[in-house]
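# I'll drop the sequence and a predicted model, then ask my questions.
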Amino acid sequence: MGISLRIPGLVRLMVVKRPDEMLAVNAAAGVDRPLSGRGGLFNRSMAAKLQVFRTADGEIWPAFCSRNDAGRMRRSKEVAETLTDIPAKLQSIRGEIAELAAYVRGNPTARSAGVIVQQAVGKLFFADYRASEESFDAAQTLSIWLRALPLRTRLLRRSGKVQAAVDEVLRQARQDTACAHGTGLALHNIVKSVELMRKLARSESRLKRLSPAEAVALTLRGPPSVVREARDRVREEKLRARERSIVLMAVETARKRSSDPGIAFFTGQWNECPAHAFVPALLAEVWKTASA
Amino acid sequence: MSRQNDGFEFKFLLLQKVLSAFFRVVNVFVRWDRLWYLIGAVNIATLRDRLRRDNLHHAGYGVQAATPWMPGNERWRSADGSYNSLDHPRMGMACSRFGRNVPLTEAIPDSGEALLDPNPRVISCELLARKTFQPAIRLNLLAAAWIQFETHDWFSHGQPIKDDPDPFKIPLRQGDDWPDRKPDGCMHIRRTCPDPTPRETWLGGTPTFLNRNSHWWDAAQLYGSERKLQERIRSGSDGMIKLGADGLLPDDDIHPGVDFTGFNDNWWIGLSLLHNLFAREHNAICAALKREYPTWNDEELFQHARLINAALIAKIHTVEWTPGILGHPALRFGMHANWYGLPAEASGVPLRPIRAALGSESEVAHGIPGSRTEQHSAPYAITEEFAAVYRLHPLLPEDVLVRSLTGSEETTYPFLDIQGEFSRPLMKKHGFADLLYSFGTQHPGALTIGNYPNFLRQFQKFNEPLMDMAAIDIMRDRERGVPRYNRFRELVGKKRVKTFEEITSKPEVAAKLRKIYKDDVDRVDLLVGTLSEDLPDGFGFSDTIFRVFILMASRRLKSDRFFTDDFRPEIYTELGMDWIDNNSMKSVLQRHVPELAMPLEGVNNAFAPWNKI
């Protein structure tokens, strides 16, 4: 059973960490991605945070679209289809893979790992995508924004940095929200995995001994957490959540506790990451190249 | 600027902020209807402001461009409702999209099994079906016909998909006597006609549908929502509507037995009465205008008469029908103020100083007609939620008793024999006066659970499959993403309920709800919840419906140029302004059917029961 916190007027929150609970809450019909802002000040501030992830036309980024949004389903399917030919896709970013392999080996690289990953992800959508320190800074601002505490949130909002970051990521992604999600938010999980690979590869013997699959199993990371809202009261077998509770799913904690690495990508669920097969393949290729 | 609401935004003034905060606290302890009526009326006005800020959501126009400009569009209503807003010509025009009263992210239909849960046919049979007729004793049957007459002005989703290849398949229980069981063992419900217009990406998962009628309060049910149809309705002479030698609307060539008018779907004798009455009223206005302005041509006369007739209908709805069905003193006061503004005093409280303090522009002080046009937080459109709360089928009785003004005979007709193709023959047989008298002297059904007409639960229209309208009503709300009852309550500013007993004080109803909704109060459908709800004193429908009502009833007036900026003699003529001011449902009835003088004598509201003679 998840941890529930309710302080009237301030917060309605439920945190789930166990893999089975997380999957159950994720599947519950009354739990969805859009946040209404109801339930207390904390809930309102979380909803306001996610409001920035829209295009100028108001299109919502895919990670924040409703489960029943036919457009989201269609786009997700399209992205998944473009990523089905994994060898060809890996071939299209072989330059970036080589750079990341060098980084994993501990060799100096001309660009930071974040920029390389961002470019690799961007090129999956647009062959001529070019990442820069500025575009990666924008992505980092978005990552900080999602984790920021209220004071920092306020400062970030007032400074205009967040909107500038959203605009920059979208500009680079040519207003394609799936690409923006990949190059603005999802890339951080890959960067984290690459950083872990680099640590793992500090020992030459491990670099030689561990197979790519083993390396991936040790380094693959999902998002630390994702949020949902229980629109109505949830009364599943293992779960009880009040209506308008924010449901914080600690994905990374659940992944550590689970034997299924696919849990980080919600494989087989309605919100399955379209890159769920591609990302492990990419990391495996990086490790293989690094150890060659 | 709001990204989704086409730039419209509504911000509270200081007074509105203070009142909103004050009544939020007050309403924790006392509901508006339990306050002294003048305070209750202020409470309602405050609720309306909050709803105007939070409960208007644009779903896009759908239609890509307004119809080409026609001379006169600046002075009178276009046939399809375009150019009512000269800055946003598509706003409210026929075939533009329905709006929303809840945020778009809350208006997403369930998917898969959840969409059919609980089974709508079970709800129809177990909860909605009429066991015994429960009458609404403060109303007459004209009130039931009236609201359908009005909804036919405001909205239509069009015909469902013919031979829908992917209908909703509603499993039937063993022993269900539904005669049209399909080979898959299910009852099929066709889906709402889809919206073929390009979809904006910001709509997310919210489904959109087109309103086939003009959204405005423009009497489109009489005049049609397209120019070609309108031209067929008109006589072409002196601005009048075409009537037969018998003084009745002509027969519809396509649907024999049904009157030819602006909107004649779901036809029955009640609609026929009102359409004929207001067609006659139109012609009476034309005749008066012709006397006053003898040089005017057919077009000038027709368009001015339409403006006047539409405004008169809107006034009757505001100050007669509404207080008739919502007989609460705060409402009576509020609806009067909506049209006329505040009186000089009420219950000994001088209101003149308040009127002066609010200023000459204030809709509260001086009424909405003639005030400034205002869209508040979204472009004007009838909403899906509005259509959902106007599912008032329990108003219809199973049988209609036709009386004679001479008192000589009485005939009872099953409802099916007074609708569709049987309407005109019935009108010819009994005559306009006797039928109006019959309607004035019997009651409609009460809007309560277990009072849904059974004939509608097994109903077949001309060339259509057999329908269970009660199950369809349930499915329509679900299909269109209208939130279920409990979330709907929350979204219109009411507290969620935690138990079924909080919805209804009738233990047997609560027990049935609990059983069918598997003890999950959040799953209760909007229609079921609103019909089960205990009503405020004097109310004919629930307080939850009322929230949408107070928002949209004012909005239909306040957003419309012809009720606000252009509600003036230069547009309506002096004669027109006087006509609207000096007439009521009763005077309209008496003008066209003088035989009704006796039944209407001493009757203050033409929608209340008349005298039997």
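On my side now, so go ahead.
# any idea which element residue A:90 lies in?
When elements are assigned from DSSP states H and E, residue A:90 belongs to helix A:86-92.
# correction: residue B:402
Assigned by DSSP H and E, residue B:402 belongs to strand B:399-403.
# The single nearest residue of the stretch 251-400 of chain B relative to chain A and residue B:101, how far apart?
Of the residues in the stretch 251-400 of chain B, the one nearest chain A is residue B:378, at a distance of 13.4 Å by C-beta to the nearest C-beta. All C-beta atoms are positioned from the backbone trio N, CA, C, and that covers glycine. Counting by C-beta to C-beta, to the nearest Å, the gap from residue B:378 to residue B:101 is 10 Å.
# any residues in contact with both of those two?
Taking C-beta atoms under 8 Å, 6 or more residues apart in numbering or on different chains as the contact criterion, the common neighbours of residue B:378 and residue B:101 are B:56-57.
# Okay, strands next: where are they in the stretch 101-250 of chain A?
The residue ranges that make up the strands of the stretch 101-250 of chain A, judged by DSSP state E, counting those that start in this stretch, are A:226-230, A:234-235, A:240-241, A:245-249.
# Could you pull out the buried residues of stretch A:45-56?
By neighbour count, and taking 16 or more other C-beta atoms under 10 Å in any protein chain shown as the criterion, the buried residues in stretch A:45-56 are A:45-47, A:49-50, A:52-55.
# re earlier: so the residue of the stretch 251-400 of chain B closest to chain A: helix, strand or coil?
coil (DSSP: H, G, I helix; E, B strand; the rest coil).
# residues near the nearest residue to it once chain neighbours are set aside, how many?
For residue B:378, the nearest residue in space outside its immediate sequence neighbours is residue B:56; the separation is 3.9 Å by C-beta to C-beta, 6 or more residues apart in numbering or on different chains. Using other C-beta atoms under 10 Å in any protein chain shown as the criterion, residue B:56 is surrounded by 26 other residues.
# Against residue B:218, how distant is residue B:305?
As for residue B:305, its distance to residue B:218 is 13 Å (criterion: C-beta to C-beta).
# before we move on, back to that, now do the contacts for the residue of the stretch 251-400 of chain B closest to chain A.
For residue B:378, counting by C-beta under 8 Å, 6+ apart, the contacting residues are B:5-6, B:8, B:56-58, B:99.
# 6 Å - rerun?
Going by C-beta atoms under 6 Å, 6 or more residues apart in numbering or on different chains, residue B:378 touches B:5, B:8, B:56-58.
# Next secondary structure after the helix or strand hosting residue B:530?
Using DSSP H and E, residue B:530 sits in helix B:526-532. Scanning forward in sequence from helix B:526-532 by DSSP H and E, the next helix or strand is helix B:543-558.
# Please, which helix or strand holds residue B:232?
Per DSSP H and E, the secondary structure element for residue B:232 is helix B:227-233.
# What of residue B:143?
Assigned by DSSP H and E, residue B:143 belongs to helix B:141-154.
# who does the helix or strand just after that helix pair up with?
Past helix B:141-154, further along toward the C-terminus, the next helix or strand under DSSP H and E is strand B:168-171. The strands beside strand B:168-171 in its sheet (DSSP bridges) come out as strand B:186-189 (antiparallel).
# buried residues in the strand it pairs with?
Of the residues in strand B:186-189, those buried by neighbour count under the rule 16+ other C-beta under 10 Å are B:186-189.
# can you pull the pLDDT of residue B:37?
Each residue has a pLDDT score; the one for residue B:37 is 95.
# Kindly report the same for residue B:1.
According to the model, residue B:1 carries a pLDDT of 32.
# before we move on, what about residue A:239?
At residue A:239 the predicted local confidence, pLDDT, stands at 77.
# State the helix or strand in which residue 24 lies.
The chain I'm using is chain A. With DSSP H and E as the test, residue A:24 turns up in helix A:19-27.
# actually it's chain B I care about, not the one you picked
Residue B:24 belongs to helix B:14-29, assigned by DSSP H and E.
# by contact count, what packs against that helix?
Helices and strands touching helix B:14-29, as assessed by 3 or more C-beta pairs under 6 Å, 6 or more residues apart in numbering or on different chains; DSSP states H and E, comprise helix B:37-54.
# Give me the sheet partners of the following helix or strand past the helix it packs on and which way each runs.
Using DSSP H and E, the helix or strand that follows helix B:37-54 towards the C-terminus is strand B:96-97. Partner strands for strand B:96-97, per DSSP bridges, with pairing direction: strand B:210-211 (antiparallel).
# ok, residues contacting the helix or strand just after the partner strand?
As assigned by DSSP H and E, the chain's next helix or strand after strand B:210-211 is helix B:220-223. The contact list for helix B:220-223, computed with C-beta under 6 Å, 6+ apart, reads B:152-153, B:213-214, B:230, B:262-263, B:278, B:306.
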